[in-house]
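Participant: Okay, here's the prediction I keep looking at, along with the sequence it came from:
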Amino acid sequence: MHRNRWYSMSGLLGAAALVLLPACQNPQSMAKVQETLTQINDQQKEILAKLGKLEEQVAKGGGGKPGANQGPRPGQPDPASTYKVPLADAYFKGPATAKVTIITWSDFQCPYCKRVNPTMEQIEKEYGEQVRVAFKHNPLPMHNRALPAAQAAEAAGRQGKFWEMHDLLFENARDLTDENFAKWAGELKLDVEKFKKDLEDPAIKKKIEEQQKEGSTLGARGTPAFFVNGRFLSGAQPFDAFKALIDEEMKKADKLLAAGTPADKVYDKVIENGKTKA
């Protein structure tokens, strides 16, 4: 193969490494990513050799499915395992009788969290009341307005408008000011004075911190992170990635229902023996 083409493929590999990180990461995670990219550059010859073999496989029609036979990365949940992720005090959309529950850890300043929202809307349209979607907070430290935004969503939630504020926060992710929080509370017909008091309530901040800690224990340290009936899915994945997991979990739920599990207890039954940490 022509040398210039090798260099082109090497550059594409570096770009691919970045594309394969469809999530906001905390500073420690980013440091690990940077270290990994440096190692890739140092081992260019080995990488190019592997690319050559891969090209041969593609030419022959081989290669298999993306992600096949890959285990969990260190410190992250195993996508093949089920984790015990309680709904607890999270706000959610969908009935208790849903066959599949998706619990999200998210950050209102994370561009990848915003990017995946249309996918979540597509899931709601595709599956209707068969899927329940819950939201938990993980305001990352490098996003200086993520925590105040999370508090604004929780304060609106106390007046029954969590999801409405959720949408406004993502739509206006570059303008997450206290003044705008109050303005949007007014637009949502909330009691603005109560909203402002709730913004400062230590109980709201504690709830956010506890959800963040729970996510970290389960390995959901970046955003967005999802657990689909307790099974981990990381980053702003396309609809098909969610659909594959959802459809698998639907079949499991159908078996539980056929065996006599009450519809509103399916999720509890699915996760009851799940792992409690990554």
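Facilitator: Received it, and whenever you're ready, just let me know what you need. From a predicted model like this one, the values you see are computed outputs, not experimental measurements. Residues are numbered from 1 along each chain as shown.

Participant: Could you list the low-pLDDT ranges of the protein?
Facilitator: 1-22, 25-74 (pLDDT under 70).

Participant: quick one: the helices in it?
Facilitator: 3-19, 27-42, 44-60, 111-127, 146-157, 162-171, 178-187, 192-199, 202-218, 239-258, 266-271 (DSSP state H).

Participant: mind checking how far the fifth one is from the chain centre?
Facilitator: Remark: helix 146-157 is offset 18 Å from the chain centroid, using CA atoms, centre = their mean, to the nearest Å.

Participant: same check, this time on the fourth one
Facilitator: Counting by CA atoms, centre = their mean, helix 111-127 is centred 11 Å from the centre of its parent chain.

Participant: Skipping its backbone neighbours, what lies nearest Ala146 in space?
Facilitator: Spatially, and ignoring its direct neighbours in sequence, Ala146 is nearest to Pro139 (3.4 Å; CB to CB, 6 or more residues apart in numbering). All C-beta atoms are positioned from the backbone trio N, CA, C, and that covers glycine.

Participant: quick one, what contacts that neighbour?
Facilitator: 107-109, 146-147, 149-150, 208, 212 (CB atoms under 8 Å, 6 or more residues apart in numbering).

Participant: Neighbour-wise, give me the winner out of those residues.
Facilitator: Neighbour count (other CB atoms under 10 Å) singles out Ala150 as the most crowded of the contacts of Pro139, with 28 neighbours.

Participant: separation between it and Ile271?
Facilitator: Distance of Ala150 to Ile271, given as CB to CB, to the nearest Å: 24 Å.

Participant: does Tyr127 really touch Val100, like I thought?
Facilitator: Yes. The criterion here is CB atoms under 8 Å, and Tyr127 meets it with Val100 at 7.4 Å.

Participant: Overlap in contacts, these two.
Facilitator: Joint contacts of Tyr127 and Val100 (CB under 8 Å, 6+ apart) are Ile246.

Participant: more crowded one of those two?
Facilitator: Set Tyr127 next to Val100 and count neighbours by other CB under 10 Å: Val100 wins out with 26 against 21.

Participant: tell me, how many neighbours does the closest residue to Trp184 other than its chain neighbours end up with?
Facilitator: Closest residue to Trp184 apart from its sequence neighbours, by CB to CB, 6+ apart: Leu168 at 4.8 Å. By other CB under 10 Å, 24 other residues sit near Leu168.
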